[in-house]
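Visitor: Fold the following for me, if possible:
(one chain, ligands or ions: 1)
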Amino acid sequence: MPENPMPENTVPDLEALKKEAALRAVALVQSGMRVGLGTGSTARYAIEAIGERLASGELQGVVGVATSDASETLARQVGIPVEPLDPRPLDLAIDGADEIDPQLNLIKGLGGALLREKLTEVQARRLVIIADHTKLVTRLGEKAPLPIEIARFGFLSTIERLRELVPGGRLRQPGAQPYVTDNGNYIYDAQLPQDLDATALERQLKGTLGVVETGFFLGMADLAFVAAPEGVRELKR
Ligand SMILES: O=C(CO)[C@H](O)[C@H](O)COP(=O)(O)O
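Guide: Model prediction:
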């Protein structure tokens with residue numbers, strides 16, 4: 001008998017699932033591509049796998065555009081040349097998500113990188129999402145709050161304005177101080193209503209003074225690889 005027998009209802013290893021999804025997306029990367037490199041624990045597997053394919057010589061001439069300082073550091077560590085975002089289109093972007101609805105609309109930004117992610121991924125010919133099955137929802141806001149990046153200056157006034165649109169929510173503050181993004185801003189995590197009209201709310205939020213960007217990624221993703229214990233599902237918009 002093994003020393004530590006697996007209990008019958010073993011929790012599936014989410015890390016293994018995330019890696020499986022990432023590898024499926026990385027298989028789409030071809031030599032010479034400019035690739036948007038996402039942020040988070042799932043995107044990390046993709047960045048590492050691109051680095052491995054470059055190191056083995058299977059891929060050549062791939063350049064990354066990183067969506068966060070952390071992803072840029074990792075990309076350089078694994079040997080991916082990194083360029084700043086410029087106006088040229090990217091061939092592909094690969095990133096995780098916090099929620100994925102049936103139309104592949106997303107909530108992103110729990111990892112705090114939503115602004116650079118949106119700036120980068122809007123320029124990608126193809127945005128491929130990688131996730132484990134716990135990120136699938138029937139409506140946005142079901143499980144996760146909507147991260148909203150706001151300017152630090154006057155943030156309490158901005159939060160007052162936000163509360164008129166989305167009453168539930170709080171400034172992201174993991175410790176004594178508010179969380180600060182790579183861009184020097186704060187994040188307000190908003191609880192979304194059940195009768196959400198995401199397009200209308202996005203428009204209202206973007207028109208709110210002090211809001212820099214929201215974590216709604218609507219109509220942007222083309223494809224998602226979602227890993228579950230029974231296998232990886234390929235979801236298309
Ligand atoms: O949007 C993000 C960062 O801003 C991430 O892609 C999102 O939070 C998913 O992260 P993880 O793969 O760690 O669950």
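
Visitor: hey, let's count contacts and neighbours off CA atoms from now on
Guide: Noted.

Visitor: what's the distance between Asn150 and the ligand?
Guide: One thing to correct before we go on: residue 150 is Ile, not Asn. Per C-alpha to the nearest ligand atom, to the nearest Å, Ile150 is found 14 Å from the ligand.

Visitor: Name the nearest residue to that residue, ignoring sequence neighbours.
Guide: Once flanking residues are discounted, Ile150 sits nearest to Val211: 4.5 Å by C-alpha to C-alpha, 6 or more residues apart in numbering.

Visitor: So what's the predicted local confidence for that neighbour?
Guide: Note on Val211: pLDDT of 98.

Visitor: wouldn't it be in contact with Ile148 here?
Guide: Yes. Using C-alpha atoms under 8 Å, Val211 is in contact with Ile148, at 7.1 Å.

Visitor: Pick out whichever of the two has more residues nearby.
Guide: Applying other C-alpha atoms under 10 Å to Val211 and Ile148 shows that Ile148 carries more neighbours, namely 27 against 23.

Visitor: quick one, what contacts that one?
Guide: Residues near Ile148 by C-alpha atoms under 8 Å, 6 or more residues apart in numbering: 187-190, 211-215.

Visitor: Kindly report the same for Gln103.
Guide: Neighbouring residues of Gln103 by C-alpha under 8 Å, 6+ apart: 219, 237.

Visitor: for the ligand, what are the nearby residues on the protein?
Guide: 39-43, 95-98, 108-114 (C-alpha under 6 Å from any ligand atom).

Visitor: Now the buried members of these.
Guide: 39-40, 42-43, 95-98, 108-110, 112-114 (16 or more other C-alpha atoms under 10 Å).

Visitor: could these be laid out in CSV, adding secondary structure, distance to Thr181 and pLDDT?
Guide: Listed next are those as CSV, based on DSSP: H, G, I helix; E, B strand; the rest coil; distance: C-alpha to C-alpha, whole Å; pLDDT from 0 to 100:
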residue, secondary structure, distance to Thr181, pLDDT
Thr39, coil, 13, 98
Gly40, coil, 14, 98
Thr42, helix, 19, 98
Ala43, helix, 18, 98
Asp95, strand, 18, 98
Gly96, coil, 18, 98
Ala97, coil, 17, 98
Asp98, coil, 17, 98
Lys108, coil, 14, 98
Gly109, coil, 10, 98
Leu110, coil, 11, 98
Gly112, coil, 6, 97
Ala113, coil, 7, 98
Leu114, helix, 9, 98
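
Visitor: Arg152: which of those residues is nearest?
Guide: Gly112 (14.6 Å; C-alpha to C-alpha).

Visitor: Thank you kindly, that will do.
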